[in-house]
Each structure stands twice: as C-alpha cells, then as structure tokens.
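**Q** would you be able to build a 3D model of this:
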Amino acid sequence: MIKTDYRPLYLQVIDRLRQDIETYDEGKQLPSEFELAKQLGVSRATLREALRLLEDEGLVVRRHGVGTFVNAKPMLTAGIEELSSVTDMIRKANMEPGTIFLSDSVLEATEEDQELFGLSNLEQVFQIERLRTADDVPVVYCLDRVPYDLLSNHSVLETKSLFQFLTDIGKTITHAVTYIEPIGFHEKVSELLESDAGSALLLLNQTHYDQNDQPILYSQNYFRADKFKFHVLRKRYMS
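**A** Numbers count the residues shown, from 1 in each chain. Just a heads-up that it's a prediction; the model follows:
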C-alpha cells in the first residue's frame, strides 16, 4: 500500500515501481495493470500515468495487448555534447569494438550532396555501410558519405574508424552538427541490429567538419536505444 505524503499519488507510485524494478531481471514482465493497481491501492488511471512516465524514462517498455516489461539497461552511455567515434564510445565502456562491412559504393553526387559538403563541383561521393559491434553484439548501423576526392589512392576499408582514417589523411574532425530523431521499428535496420519490434532506435544525423570548418563526412547512425543511452550537460548562463 502506498503511504500518504504530500506529493501527487502517481509520483509515489513511480518511486515504488522503481524500487520493485531494481529487483527484476531485464525483460521480465511486470504483473498486469489490474494486479499492480490492486497491490498499490491506486486506480488504474493513476497506475497508467506512472507507467507512461517510466516508459518515457526508458525503465519499462509497454507492448500493446501483451503487457509491461522491464527494459534492458543500456550497455553504453555517452555525453551527446562530446564528439567521439563509435569505436571510442565502445572502448570507454571497456568493450571490444568490431566492424561488419555490409557494402561500399561510389555514387554520383546529388544536388543535396553538393549543398551538404559545400562543393558545387562535387561529382562523386563514397558511401560505406557498416554494422558496429560491442563484444560481438550489433549496436549501431552506420551509413556514411564522404567526397570521393578525399580518398585519393587510400582505401577506407583499411581502418575500422572513419574518424581515424580522416585524421590519417590530414582531415581531422573537430566538430559536428547533429540532429537527433527517435524512431520505432525499421524494417531493414532493426533486423540487422537484431532488435525486436518493441525496441526503439535512435537516429543521429551528423555533418562533421574538419579543422578548416569544411564539411567532410555525413553520417546516419542508428543506435539501439536498449544498448545506448545519451546524456547532455546543460549550463545556465547568468546575465
């Protein structure tokens, strides 16, 4: 039974459920809404609001017509304000990074590519498709594009990190503009990442710039939301 205090009832329910969830294994199904509401002595409407907020936090996942499950704890965390390669992120988690090359191709540059890289005379782009693994578990699907002229006589397949490859040819990435988009099941990517239909993906669209403020790499990285957790440091500036 929830003890009465001065906070809204759903917040009390959230605290109780957090404590209970800590004792559950990942993927374990919680009791039904009817049973939980009865155990906690609250209405189903109050319980549903608490579960909705816990789902927003990523602690549980609700599957329509099936039930509520304890979400898998992320294997890797990273500050979104820190620009790191996927390889470095995995290594910082004391895991072994790996790469599965899926495809590579030289494509005719589109107007969008020319605008993206700031090169009106850009004729070709090199595209590489890879899966990144952590201790042999697929965690990120990467689709990257670079101006083909950057490659010269080099082979990008010689390195497992595009960041390192670009650094080696004198194009050090110093910053990036990132757009973050949460998405649900993706027919192709979810299957490649061995992610089930109930698990979300986090898409990072990133344009990377070198030391001369020239865009040199465009990446679409699909992260398994059950394996990666991003956070950001926000500062308040006083006038």
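**Q** quick one: the strands in this structure?
**A** When secondary structure is read from DSSP state E, the chain shows strands at 60-63, 67-70, 76-79, 97-108, 124-134, 137-147, 173-183, 201-210, 215-224, 228-231.
**Q** kindly state the beta-bridge partners for the spatially closest residue to residue 28 that is not a sequence neighbour.
**A** Distances taken as C-beta to C-beta, 6 or more residues apart in numbering place residue 70 nearest to residue 28, at 5.0 Å, with adjacent residues excluded. Where you see a C-beta, it was placed from the backbone N, CA and C, and this is true even at glycine. Here residue 70 sits in beta bridges with residue 60, as judged by DSSP bridges.
**Q** residue 197 is in contact with residue 190, isn't it?
**A** Yes - contact criterion C-beta atoms under 8 Å: residue 197 and residue 190 qualify, at 7.3 Å.
**Q** which of these two has more neighbours?
**A** residue 190 (20 against 8; other C-beta atoms under 10 Å).
**Q** list the beta-bridge partners for the nearest residue to residue 218 once chain neighbours are set aside.
**A** Once flanking residues are discounted, residue 218 sits nearest to residue 145: 4.7 Å by C-beta to C-beta, 6+ apart. With DSSP bridges as the criterion, residue 145 is bridged to residue 127, residue 218.
**Q** residue 145: neighbour count?
**A** 18.
**Q** check contacts around it.
**A** By C-beta atoms under 8 Å, 6 or more residues apart in numbering, the contact list for residue 145 reads 113, 125, 126, 127, 217, 218, 219.
**Q** residue 45: which of those residues is nearest?
**A** Within the contacts of residue 145, proximity to residue 45 (C-beta to C-beta) peaks at residue 219, which comes in at 43.1 Å.
**Q** alright, calling it a day.
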